[in-house]
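>>> Please find the sequence and the predicted model below.
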Amino acid sequence: MALMTKEQYIESMRKLNIKVYMFGELIENPVDHPIIRPSLNSVAMTYELAHDPEYEDLMTATSNLTGEKVNRFCHLHQSAEDLVKKVKMQRLLGQKTASCFQRCVGMDAFNAVYSTTYEVDKKYGTNYHERFVEYMKLVQKNDWTVDGAMTDPKGDRSLSPSQQEDPDLYVRVVERRPDGIVVRGAKAHQTGSVNSHEHLVMPTIAMRPEDKDYAVCFAVPSDAEGLFMIYGRQSCDTRKLEEDADIDLGNKMFGGHEALVVFDDVFVPNERIFLNGETDFSGMLVERFAGYHRQSYGGCKVGVGDVLIGAAALAADMNGVARASHIKDKLIEMIHLNETLYSCGIACSSEGHPTLAGNYEIDMLLANVCKQNVTRFPYEIVRLAEDIAGGLMVTMPSEKDFKHPEIGPICEKYFRGSSKYPTEHRMRILRLIENMALGTAAVGYRTESLHGAGSPQAQRIMISRQGNLEHKKELARKIARIDEASIAEREAAASKK
Ligand code: SF4
Ligand code: FE
């Protein structure tokens, strides 16, 4: 079963015994829970589109491990073209779901772990890469959704993992056995964890030798003994529990989610361990995963942006202001910002290069520039969408009021815009904008744009490292005809004083 259908995916999730808490209760059936289900539908779209001949080229690829056709979300990129297709696929899915479709964290983790384990083995003679290749064959064969889990709770940020007062604030090995390890700790903000078959856990920062027990990478099933999740609340989430509030949801079908994933002494067999104490490779793994995920944002956020721009344009039509020049200009600005993000996603992909393991990696500097722009532009795009939509997007009565026998006609009369459109259409579009700007999808489109794949400062550190300022200085010196020998002489003289 190399390519699951949407239905097979949903059934496969039903078979797992995932433990997830929400509102202080253990959820019996996460698959059909009204708050969780829209996020499952988003992941299901990654399966559905893989069967659509129109999108086959973007959604599927040929595995370098087996020669079989696989979902691109399970693929190890084999060329710069693969990297470009990845971004295009993410834009497509953003357009289809208007939310986070969650499966990218696994794809980005696969590619980072694949290349890093190869280099660990080269230095230490370990066999992590071989184990990981076997794991990837299973992932591809079963078409799994895997949650790439990186972010630890971190406690006091000024202290390293081993210096924390509570030693569990970074995931760590608490026991080493002949057949495997036992791990304890948690991963925070885990996108799509409840909808994933497996979790692929990586360290979250570069580490020193004393952090040995924390330099650990492994994979476990999402229903492994000792693993449980605590679901994150989203703004307006309980609207999903209300009756007759379909329109109020703005996006009834799709959504995303994050959860705290707790590892309460989870056993990991040897064949699922891909790093175990090699602290000097922790930083490499983090940078590579982050790099791929920063590329990803140049696709997914752009797709969601497309829907938001479309909704803003429709709101303008419905408000009767589509011909106003300042509205046209605002829509142009939104498109300009959105396409700039896309350009960055495509650029860091086109400039991709092979790793020592053979899979392709993005251009790190451009991927970080991409994500740095994502920390800003969606905010401006949302601001413009709210400007065009008008205040009604946050002051409109509920669907129940619109459907009420007495006040319904009054709502209908007073909330009508251009007579070309039914009031209900206007209501639907304004609620959709609300959903992306302030509601459940805003988690993915706004705050995640800031903090997902690393907060803005993380990209600035990488930009400063990759920016090659010395080379730029040399360029300027040459053009200004500054003799390098004279600088060396002055430096030598100064050091003698
Ligand atoms: Fe994919 Fe974007 Fe969600 Fe990350 S934020 S998992 S890249 S859709
Ligand atoms: Fe993300």
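Right, received. Where do you want to start? Numbers count the residues shown, from 1 in each chain. Ligands and ions are numbered 1, 2, ... in the order given.

>>> Gly192: neighbour count?
Gly192 has 25 neighbours, counted by other C-beta atoms under 10 Å. For the C-beta atoms, the positions are set from N, CA and C on the backbone; glycine is no exception.

>>> Nearest to ligand 1 within the stretch 101-250 of the chain, name that residue for me.
Distances from the stretch 101-250 of the chain to ligand 1, computed as C-beta to the nearest ligand atom, single out Cys104 as the nearest residue at 3.1 Å.

>>> Can you check the pLDDT for that residue?
At Cys104, the model reports a pLDDT of 98.

>>> from here on, count from 23
Will do, 23 is the new start, and the previous item becomes Cys126.

>>> pretty sure it contacts His315?
Yes. Under the criterion of C-beta atoms under 8 Å, Cys126 makes contact with His315 at 7.0 Å.

>>> Pull the distance from stretch 398-414 to the chain's centre.
22 Å (C-alpha atoms, centre = their mean, to the nearest Å).

>>> So for stretch 477-491, what gets flagged as buried?
480-481, 484-485 (16 or more other C-beta atoms under 10 Å).

>>> again, but for stretch 382-401
382-397, 399-401.

>>> Just these: which are in helices?
386-396, 399-401 (DSSP state H).

>>> Please enumerate the strands of the stretch 73-222 of the chain.
82-84, 91-93, 168-171, 194-199, 202-213, 220-223 (DSSP state E, counting those that start in this stretch).

>>> about what we covered before: so the residue of the stretch 123-272 of the chain closest to ligand 1 versus Asn93, what's the distance?
12 Å (C-beta to C-beta, to the nearest Å).

>>> how about the residues of the chain near ligand 1?
Contact residues (C-beta under 6 Å from any ligand atom) of the chain with ligand 1: 122-124, 126-127, 213, 318-319, 322, 466, 470, 474.

>>> tell me the helices in the stretch 273-422 of the chain, going along the chain?
Using DSSP state H, counting those that start in this stretch, the helices of the stretch 273-422 of the chain run over 304-341, 347-372, 386-396, 399-411, 414-417, 421-425.

>>> Output these in CSV; the columns should cover distance to Gly89.
Listed next are the helices of the stretch 273-422 of the chain as CSV, based on distance: least, C-beta to C-beta, whole Å:
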stretch, distance to Gly89
helix 304-341, 24
helix 347-372, 24
helix 386-396, 29
helix 399-411, 39
helix 414-417, 51
helix 421-425, 52
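
>>> could I get those helices as TSV with mean pLDDT?
Listed next are these as TSV, based on pLDDT from 0 to 100:
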stretch	mean pLDDT
helix 304-341	98
helix 347-372	98
helix 386-396	98
helix 399-411	98
helix 414-417	96
helix 421-425	98
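
>>> Out of those, which is closest to Phe437?
helix 414-417 (7.1 Å; C-beta to C-beta).

>>> what packs against the closest one?
Packed against helix 414-417 by the contact rule (3 or more C-beta pairs under 8 Å, 6 or more residues apart in numbering; DSSP states H and E) you find helix 445-459.

>>> Give me the residues contacting stretch 135-143.
Stretch 135-143 is contacted from outside by 98, 148-155, 158, 222, 224, 239, 296-297, 300, 303, 306-307, 310-311, 377-379, 381, 383, using C-beta atoms under 8 Å, 6 or more residues apart in numbering.

>>> Only whichever of these are buried, select them in PyMOL.
Typed into PyMOL, the line below selects the buried ones among those, using 16+ other C-beta under 10 Å:
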select buried, resi 98+148+150+151+153+154+155+158+222+224+239+296+297+300+303+306+307+310+311+377+379+381+383
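
>>> re the thing from before, among the ones in helices among the buried residues of stretch 382-401, find me the one that's closest to Gln256.
Pro400 (16.7 Å).

>>> out of everything not next to it in sequence, what's closest to Tyr401?
Nearest residue to Tyr401 in three dimensions, chain neighbours excluded: Arg468, at 6.6 Å (C-beta to C-beta, 6 or more residues apart in numbering).

>>> on that earlier part again, tabulate the ones in helices among the buried residues of stretch 382-401 in CSV, adding columns for distance to Arg438.
CSV is the format used below for those (distance: C-beta to C-beta, whole Å):
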residue, distance to Arg438
Met386, 52
Leu387, 51
Leu388, 47
Ala389, 47
Asn390, 47
Val391, 45
Cys392, 42
Lys393, 42
Gln394, 43
Asn395, 39
Val396, 37
Phe399, 33
Pro400, 31
Tyr401, 31
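
>>> tally of neighbours for Asp190?
18.

>>> The nearest residue to it once chain neighbours are set aside: neighbour count?
Excluding the flanking residues, the one nearest Asp190 by C-beta to C-beta, 6+ apart is Gly207, at 5.0 Å. Here the count is done by other C-beta under 10 Å, and Gly207 has 24 residues near it.

>>> what does Glu470 give?
Residue crowding around Glu470 was assessed by other C-beta under 10 Å; the count is 22.

>>> and it, what does it touch?
122, 213, 278.

>>> isn't the last one right up against Phe123?
It stands for Gly278. Yes. Under the criterion of C-beta under 8 Å, Gly278 makes contact with Phe123 at 7.3 Å.

>>> neighbour-wise, which of these two wins?
Using other C-beta under 10 Å as the criterion, Gly278 and Phe123 rank with Phe123 on top: 33 against 26.

>>> And the more buried one, how close does it get to Val238?
28 Å.

>>> same deal with Glu103?
Using C-beta to C-beta, we find Glu103 at a distance of 34 Å from Val238.

>>> can you check Thr82 too?
Counting by C-beta to C-beta - Thr82 and Val238 are separated by 32 Å.

>>> what's the weakest-modelled helix or strand in the protein?
The weakest-scoring helix or strand in the chain, judged by mean pLDDT, DSSP states H and E, is helix 506-518 (a mean of 80).

>>> who touches that one?
Arg499.

>>> So which bits of stretch 209-228 are buried?
Buried residues in stretch 209-228, counted by 16+ other C-beta under 10 Å: 209-228.

>>> need the contact list for the residue lying closest to His473 once chain neighbours are set aside.
Of all residues not flanking His473 in the chain, His211 sits nearest, at 7.6 Å (C-beta to C-beta, 6+ apart). Applying C-beta under 8 Å, 6+ apart, we find His211 in contact with 173, 254, 280, 282, 473-474.

>>> Good, wrapping up.
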